[in-house]
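3D model of this:
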Amino acid sequence: MAVPTKRREEDLRPAVYFDLDKTYHADRCEPLREAVRRGEVRLSALVRRGYPGRIIPGAMLPEISTVGFWDATVAQSWGLDWHLNEGIELTYLARGKTDFQVDNERFKLESGHLTITRPWQRHRVGNPNVGPSRLCWLILDVGVRRPDQSWKWPEWLVLSPGDLQRLTTLLSHNEQPVWRANDEIGACFEKLATLVQQSSIPSLETRLRFYINELFISLRELLELREVPLNPHLSTTRRTVELFLSELPKHLENRWTLPEMAAQCGLASSAFAGYCQRITNLTPAKYLNHCRVQAAKAFLIAKPEWSITEIAMACGFDSSQYLATVFRTSSGFTPGEWRRRGLAPEQTGQQSPPTK
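Here you go, the predicted model:
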């Protein structure tokens, strides 16, 4: 059995997961777990790291997070909300239909569709609920959490070094999430689904290795035949910083410091600051304040029952006074003036001031 490569804790930092917010923790499929308990869906899976299913024994194939399937014969009362995974995730819809979304792209998955999501790609299944479907999956940890990190494939994969390098390029230089699978890929997932249902197999590890190798060989050939358009920018450090900055407005309540923001991207503070200025034309502190002011503007209108202090805290400002100072510098208005000019007269009970 291959000995797993020891990885530094910082190498496995969730990075763009924003681990301070539970919404972006790596998914543990709790809605699926509850649906199984209620008898709404059938599940068979071999797992580790908290995923639902039977625990993979010992140190067997440590890079496998989960492999298995669910079978839902009717529309479900649950869905898998926005999440990320600790590894490259492949799913195959063997039967049925269901909704799928990756970032801002929406898809209607049908029988024969293959999805590929990288650890930094936010995705969800269901809109909001899962449709009647038989969905097979594999999540394999290849040691990356950010686009710019080097992929560490399991030693038990038999693909040649050249084929592994090419597969890495095909997967890291393109982020298309949905493909039409071929018969070979469908057959690989069905063999894995049959395997995980059996209670005891003397050659379990050998068969898992064999079928997963077969799956990745077929995947490499599929992507090659489809002439995937490749973009090397998708695996750069700049791409990692861009992803961080795009997600930052969802996590403004955190008391971010420059070193903490840089650490999320695996960078020194000076390097992160340089990328931030090239991307936004603002220093990290100014960009953070810009995001916080934009959020405060939205809260002032959407949450008229919130006090200025509550909005300041929600947006990550230390006090309402600091919010007022930054807000006026940015917009020319105090928070109270912005709220009054944005709300209808019947909501405020007074005339809105003229626009400056």
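
dump the C-alpha coordinates for stretch 175-189 into CSV.
The C-alpha trace of stretch 175-189 is given here as CSV (Å, rounded to 0.1, in the frame of the first residue of the first chain):
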residue,chain,number,x,y,z
GLU,A,175,-13.2,24.8,-14.8
GLN,A,176,-16.2,23.7,-16.9
PRO,A,177,-18.4,21.8,-14.4
VAL,A,178,-20.8,19.7,-16.5
TRP,A,179,-20.0,17.3,-19.3
ARG,A,180,-21.8,14.6,-21.2
ALA,A,181,-20.2,11.3,-20.0
ASN,A,182,-19.4,8.4,-22.3
ASP,A,183,-20.3,4.8,-21.7
GLU,A,184,-16.9,3.9,-20.2
ILE,A,185,-17.3,6.5,-17.5
GLY,A,186,-20.8,5.5,-16.7
ALA,A,187,-19.7,1.8,-16.5
CYS,A,188,-16.9,2.8,-14.1
PHE,A,189,-19.3,4.5,-11.7
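
list the buried residues of that stretch.
Counting neighbours by 16 or more other CB atoms under 10 Å, one finds that the buried residues in stretch 175-189 are 175, 177-179, 181-182, 185-186, 188-189. Placement of C-beta: from N, CA and C, glycine included.

of all those, which comes closest to residue 331?
Nearest to residue 331, judged by CB to CB, of the buried residues of stretch 175-189 is residue 175 at 35.5 Å.

next up, phi/psi of the closest one, please.
phi -120, psi 30 (degrees, to the nearest 10).

now do the contacts for it.
118, 121, 234 (CB atoms under 8 Å, 6 or more residues apart in numbering).

hmm, back to that, adding distance to residue 137 and secondary structure, write the buried residues of stretch 175-189 out as CSV.
Below are these laid out as CSV (distance: CB to CB, whole Å; DSSP: H, G, I helix; E, B strand; the rest coil):
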residue, distance to residue 137, secondary structure
175, 18, coil
177, 14, coil
178, 14, strand
179, 15, strand
181, 13, coil
182, 18, coil
185, 13, helix
186, 13, helix
188, 12, helix
189, 8, helix
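
give me the buried subset of the contacts of residue 175.
118, 121.

for residue 103, which non-adjacent residue is spatially closest?
Distances taken as CB to CB, 6 or more residues apart in numbering place residue 122 nearest to residue 103, at 5.6 Å, with adjacent residues excluded.

hang on, that neighbour packs against residue 85?
No. Contact status for residue 122 versus residue 85: not in contact, 10.2 Å apart, counting by CB atoms under 8 Å.

who has more neighbours, those two?
Neighbours per residue, other CB atoms under 10 Å: of residue 122 and residue 85, the larger number sits with residue 85, 22 against 19.

give me the nearest residue to that one, chain neighbours excluded.
Here the residue nearest residue 85, using CB to CB, 6+ apart, is residue 139, at 5.3 Å.

which SSE is the one you found in?
strand 133-140 (DSSP states H and E).

residue 337 too?
helix 335-342.

alpha carbons of that helix, as CSV, please.
Extracted in CSV, the C-alpha atoms of helix 335-342 (Å, rounded to 0.1, in the frame of the first residue of the first chain):
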residue,chain,number,x,y,z
PRO,A,335,-25.4,56.4,7.2
GLY,A,336,-28.5,58.0,8.5
GLU,A,337,-28.8,60.3,5.5
TRP,A,338,-28.2,57.4,3.2
ARG,A,339,-31.0,55.5,4.9
ARG,A,340,-33.5,58.4,4.7
ARG,A,341,-32.8,59.1,1.1
GLY,A,342,-33.2,55.4,0.2
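
that'll do, ta.
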